[in-house]
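Undergrad: Mind looking at a prediction? Sequence and model below.
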Amino acid sequence: MVDADMQQPVPSTSVAGHARARSAWVAIDDETQAHAIARALVLAGWEVGHVVHGCGAVHALARSVARLPDVLVTGLRFRDGDGDGLRLIRELGAFPDAPAVFLASRQQRAVIKAAQTLAEACGLRLAGAAEQPADVASIVAQLAGFHPGSGRVACRAAPPVLDRAAVHAIIEREEVFPWVQPKVRLDTLEVVGVEALMRGFDEAGNLVMPDHLIPALAAHGLLDDATLRVARQTAEFVATCLEEGMAISAAINVSMSSLARLEFCQRLAEAVERVAVDPSWITIEITETDAMSDVARVIENAARIRMLGFNLAIDDFGTAYSSLTQLVRIPFSELKIERAFVTNCGRDPVKRATMSACALLGRSLGLQVVAEGVETMEDLVGVRASGCTHFQGYLVSRPIPVGRALDWLRGLDELRAPL
Ligand code: C2E
Ligand code: CA
């Protein structure tokens, strides 16, 4: 079934159950293992087009064929010094119809992980990984669930651009609102606060999400107005909670460009004062990327926010490359760990180690440490083991309008912090 000539197409069997047989090439340095994998895939109904050896050979073949396979099963080292799997991944990234990559390598787990990261960075889809090319059964089993489609990671479509008139209309009709997501203490599982996330409604009544709304507001000079609207409504929400005896704080996302304006900070403080809420109930969240920009400007703005009595959180921690020196200079009260580290942290020891290090750093600096994006009980177990103090995520609730959030909080009883 598998051709002895390493560069020749392998006759394939046809497959029942698939409109088109899923196709693979195998590029593993050990010929016996390469053929064992190819044979097992063919038996499992795959069309194994080529068993190829070496980075240059795969690249040359890829340029000469009309259609690339759905999956390339590849090792990371090739014996003849003809490049390696890392170079191959990088070169495949240039093909618009690149195959998904399955890594079958004897290299250390950390190296395989780095190769996976490289594949993702090159826009390639990952079909799986095995730590031993000899583990043929695991390779076939993992590929059993593979559905052909583009081997490239689907790029998120760019959000439709909201033009100036559309953005102005949203602001003029006052159709900007905070939707809130609960924040929960890990030790007592009490809901102690919410994060306000901006939502808009366009003229047709469609919900406009932040990834469309925020860049458009910023581009048309309306982000300060919209943020202050969100801040006012969020402060009113906190005031209602406090009046009803519910000790619920709230966080507002603010861009550094807004914070840099003295007038914005004063209007923010006035919005909170107007509803008689002490600013210590409100946390201002700035993203790590913003926090790591111009040192002097960030420290000035951060110190001013704390002087006004607000708390300050560093958001999406782990996405930028924070200098620790800068991190400890900025008067943060809270550190929010980026969702990418939280997702699957229950089963990924590397993610959990990263989370534990972030949590230890945050707690040693006296900060609350919030894990963002907890979606499953398994994530929650990982988050708890890593030493975070609070969490948010779909496991508890998606962001919801403030009216619904009030009803939800009222029904919580003992799972809500008393005033
Ligand atoms: P963020 O501050 O990191 O907010 C968390 C995002 O993750 C929110 O998306 C939230 O809905 C989502 N999320 C929460 N829990 C989960 C989960 O368990 N799983 C998943 N998959 N997602 C979860 P959203 O509301 O679309 O906001 C996106 C970003 O837009 C925010 O990221 C924030 O950076 C920005 N943003 C939102 N509201 C405002 C605002 O009022 N002002 C400014 N400047 N930025 C805002
Ligand atoms: Ca946030």
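TA: Received, thanks. Ligands and ions are numbered 1, 2, ... in the order given.

Undergrad: The residue most central in space within the chain: which element?
TA: By C-alpha atoms, centre = their mean, the chain has its centre lying nearest to Ala340, at 4.0 Å. Per DSSP states H and E, Ala340 falls inside helix 339-342.

Undergrad: count of residues packed around Ser249?
TA: Counted with other C-beta atoms under 10 Å, the neighbours of Ser249 add up to 19. For every residue, glycine as well, the C-beta is placed using N, CA and C.

Undergrad: In contact with it: list those residues for me.
TA: Residues near Ser249 by C-beta atoms under 8 Å, 6 or more residues apart in numbering: Lys183, Val192, Gly193, Val194, Val238, Trp281, Ile282, Thr283, Asn311.

Undergrad: what's across from it in the sheet?
TA: With DSSP bridges as the criterion, Ser249 is bridged to Gly193.

Undergrad: got it, and the one 4 residues further on?
TA: Following DSSP bridges, Asn253 is listed with bridge partners Glu285.

Undergrad: So which other helices or strands are in contact with the helix or strand of the chain with the lowest mean pLDDT?
TA: Every helix and strand in the chain was compared by mean pLDDT, DSSP states H and E; the lowest is helix 324-329, with a mean of 77. Counting contacts by 3 or more C-beta pairs under 8 Å, 6 or more residues apart in numbering; DSSP states H and E, helix 324-329 is packed against helix 295-307.

Undergrad: in terms of contact, does Thr74 touch Ala27 like I think?
TA: Yes. The criterion here is C-beta atoms under 8 Å, and Thr74 meets it with Ala27 at 4.4 Å.

Undergrad: Mutual contacts of these two, please.
TA: Counting by C-beta under 8 Å, 6+ apart, the shared contacts of Thr74 and Ala27 are Val58, Gly85, Leu88.

Undergrad: Contacts only, for Ala34.
TA: Counting by C-beta under 8 Å, 6+ apart, Ala34 touches Met6, Val26, Ala27, Ile28, Val51, His53, Pro133.

Undergrad: Would you mind giving those as a markdown table with neighbour count added?
TA: What follows is the contacts of Ala34, written out as a markdown table (neighbours: other C-beta atoms under 10 Å):
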| residue | neighbour count |
| --- | --- |
| Met6 | 17 |
| Val26 | 32 |
| Ala27 | 23 |
| Ile28 | 27 |
| Val51 | 26 |
| His53 | 22 |
| Pro133 | 23 |
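
Undergrad: and those residues as CSV, adding pLDDT?
TA: What follows is the contacts of Ala34, written out as CSV (pLDDT from 0 to 100):
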residue, pLDDT
Met6, 39
Val26, 95
Ala27, 92
Ile28, 91
Val51, 85
His53, 79
Pro133, 88
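
Undergrad: so of those, which ones are in strands?
TA: Judged by DSSP state E, these include Val26, Ala27, Val51 as members of strands.

Undergrad: residues in contact with the first one?
TA: When you say that, I think you mean Val26. Going by C-beta under 8 Å, 6+ apart, Val26 touches Ala34, Ile37, Ala38, Leu41, Val48, His50, Val51, Val52, Leu72, Val73, Thr74.

Undergrad: Ligand 2 contacts on the stretch 251-400 of the chain?
TA: Within reach of ligand 2 by C-beta under 5 Å from the ion, the stretch 251-400 of the chain has these residues: Asn253, Glu285, Asp315.

Undergrad: Considering those, which possesses the most neighbours?
TA: Asp315 (25 neighbours).

Undergrad: Just the residues contacting the host helix or strand of it, thanks.
TA: For Asp315, the host element (DSSP H and E) is strand 311-317. The contact list for strand 311-317 (C-beta under 8 Å, 6+ apart) reads 249, 251, 253, 280, 282-289, 291, 302, 305-306, 322, 327, 330-338, 358, 362, 368, 370, 372.

Undergrad: Show me which of those residues are buried.
TA: Among the contacts of strand 311-317, those classed as buried by 16 or more other C-beta atoms under 10 Å are 249, 251, 253, 282-288, 291, 302, 305-306, 322, 327, 330, 332-338, 358, 362, 368, 370, 372.

Undergrad: Please list which of the residues you listed also come close to ligand 1.
TA: Contacts with ligand 1 within the buried ones among the contacts of strand 311-317, as defined by C-beta under 6 Å from any ligand atom: Asn253, Glu372.
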